[in-house]
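# The amino acid sequence is not available; the structure is as follows:
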């Protein structure tokens, strides 16, 4: 049972609606809304209290792209959490491979860096009790009908994963969606490695599917943003059965931490070449996902970069 839950990126979109759905479960006693912006977090907290009729939300100010911010937030956390939902992320801004002050690409910083430190700090302090979920993507195993190629590395070595994280694996012509897919691919392998290293905690990678109403498209170039955010996701893709509403994407997150039949170390997403519908184990679709050597190399690459 998950009484205390920490959600990153909780002030809007999937994070906020996941908090709403979890607050409607009687077993939920406290939800930490982990957000970068205090003003937006306060608005989200007030909205959630009004929508759910419950005063169980607590704000945690943290920027998951900045290691120092994450370490400080976890050090100041006065209690353990039963569940961690790593929802914050995105496309890494207009220049996803631009290096941050920590020497990593902005897209790696937004999606993996702080989350990896958060997991490590929670585990070291014995503050993560039951389950951790990472927000992955169908892009991590490719979607042909969307023109999203399956991530393919030459060797899947530690050095090659590091080249994804520092951006050197890509050139300036590489599409942002492709970079995003590779980052989610690496993060999903990292989660599977964590499951083997820490069998006392369940580690689940879950894609929300193609979901309207999220913030992930905000970083796309202007024309792509208009096409995907304002035309594709809300209008065209639902008609084709290729996207679903925010509530359904968030429901997957709730399932990830609540359904104990889900297997630790597994990546759950839509069926092959689909972006909606029931979630299934992706290992049968993309064997990379169950390759323990690849998992360990992704894990070790993240540890090298994050240290």
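Yep, it's here. Because the structure is predicted, anything quoted here is derived from the model rather than measured.
# The stretch 1-150 of the chain: helices as residue ranges?
Secondary structure of the stretch 1-150 of the chain (DSSP state H, counting those that start in this stretch): helices at 13-23, 38-52, 67-75, 106-108, 114-124.
# Let's have the ones you listed in CSV, adding distance to residue 211.
C-beta here means a position set from N, CA and C on the backbone, and glycine is covered the same way. Formatted as CSV, the helices of the stretch 1-150 of the chain follow (distance: least, CB to CB, whole Å):
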stretch, distance to residue 211
helix 13-23, 7
helix 38-52, 18
helix 67-75, 25
helix 106-108, 19
helix 114-124, 19
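# Quick check: which of these is nearest to residue 210?
Nearest to residue 210 among these is helix 13-23 (12.0 Å), distances taken as CB to CB.
# Packing partners of the closest one?
Helix 13-23 sits against strand 4-8, strand 30-35, helix 38-52, helix 246-258, with contacts defined as 3 or more CB pairs under 8 Å, 6 or more residues apart in numbering; DSSP states H and E.
# Apply 6 Å and report the result again.
strand 4-8, helix 38-52, helix 246-258 (3 or more CB pairs under 6 Å, 6 or more residues apart in numbering; DSSP states H and E).
# Now do the last one, average pLDDT.
Yep, that's helix 246-258 we're talking about. Averaging pLDDT along helix 246-258 gives 97.
# repeat for the longest one
In this model, helix 38-52 has an average pLDDT of 98.
# Show me what it is packed up against.
Helix 38-52 sits against helix 13-23, strand 57-61, with contacts defined as 3+ CB pairs under 6 Å, 6+ apart.
# Okay, now the sheet partners of the last one, with direction.
Okay, so that is strand 57-61. Strand pairing for strand 57-61, using DSSP bridges, gives strand 30-35 (parallel).
# quick one, the strand it pairs with and helix 38-52 angle?
140 degrees (axes from the mean of the first three to the mean of the last three CA atoms, to 10 degrees).
# Show me what counts as buried in the longest helix anywhere in the chain.
If you go by DSSP state H, the chain has its longest helix at helix 176-197. By 16 or more other CB atoms under 10 Å, the buried positions in helix 176-197 come out as 176-195.
# For stretch 99-114, measure first residue to last.
End-to-end distance for stretch 99-114, by CA to CA, to the nearest Å: 15 Å.
# count of residues packed around residue 245?
Neighbours of residue 245 under the rule other CB atoms under 10 Å: 15.
# picking that back up, would you list the helices and strands packed on helix 38-52 in JSON lines and tack on distance to residue 96 and mean pLDDT?
Shown next, in JSON lines, are the helices and strands packed on helix 38-52 (distance: least, CB to CB, whole Å; pLDDT from 0 to 100):
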{"stretch": "helix 13-23", "distance to residue 96": "19", "mean pLDDT": "97"}
{"stretch": "strand 57-61", "distance to residue 96": "25", "mean pLDDT": "98"}
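# from these, which stretch is densest packed?
Mean neighbour count (mean count of other CB atoms under 10 Å) peaks for helix 13-23 among the helices and strands packed on helix 38-52, with a mean of 24.
# Show me what stretch 16-31 is in contact with.
With contacts defined as CB atoms under 6 Å, 6 or more residues apart in numbering, stretch 16-31 is touched by 1, 3-5, 7, 10, 44, 48, 51-52, 54, 56-57, 246, 250, 253-254.
# Now the buried members of these.
With neighbours counted by 16+ other CB under 10 Å, those contain buried members at 3-5, 7, 10, 44, 48, 52, 56-57, 246, 250, 253-254.
# Out of those, which comes closest to residue 136?
Residue 136 has its nearest neighbour among these in residue 253, at 11.1 Å by CB to CB.
# can you tell me how far that closest one sits from residue 27?
To residue 27, residue 253 is 16 Å away according to CB to CB, to the nearest Å.
# Distance check, the closest residue to residue 265 other than its chain neighbours against residue 56.
Excluding its sequence neighbours, the residue lying closest to residue 265 (CB to CB, 6 or more residues apart in numbering) is residue 195, at 3.0 Å. Using CB to CB, we find residue 195 at a distance of 29 Å from residue 56.
# what is the rounded mean pLDDT of stretch 180-200?
Here the average pLDDT along stretch 180-200 is 97.
# same question but for stretch 74-92, I mixed them up
94.
# Straight-line length of that stretch, end to end?
Criterion CA to CA; first-to-last residue distance in stretch 74-92 is 23 Å.
# which other residues reach that stretch?
Stretch 74-92 has contacts (CB under 6 Å, 6+ apart) with 2-9, 14-15, 64, 106-107, 110-111, 115, 121, 127-135, 176, 180, 216, 219, 253, 257.
# buried residues in it?
Applying 16+ other CB under 10 Å to stretch 74-92 flags 74, 77, 81-92 as buried.
# Which residue lies nearest the spatial centre of the chain?
Residue closest to the average C-alpha location in the chain (CA atoms, centre = their mean): residue 135, at 2.6 Å.
# Lovely, talk soon.
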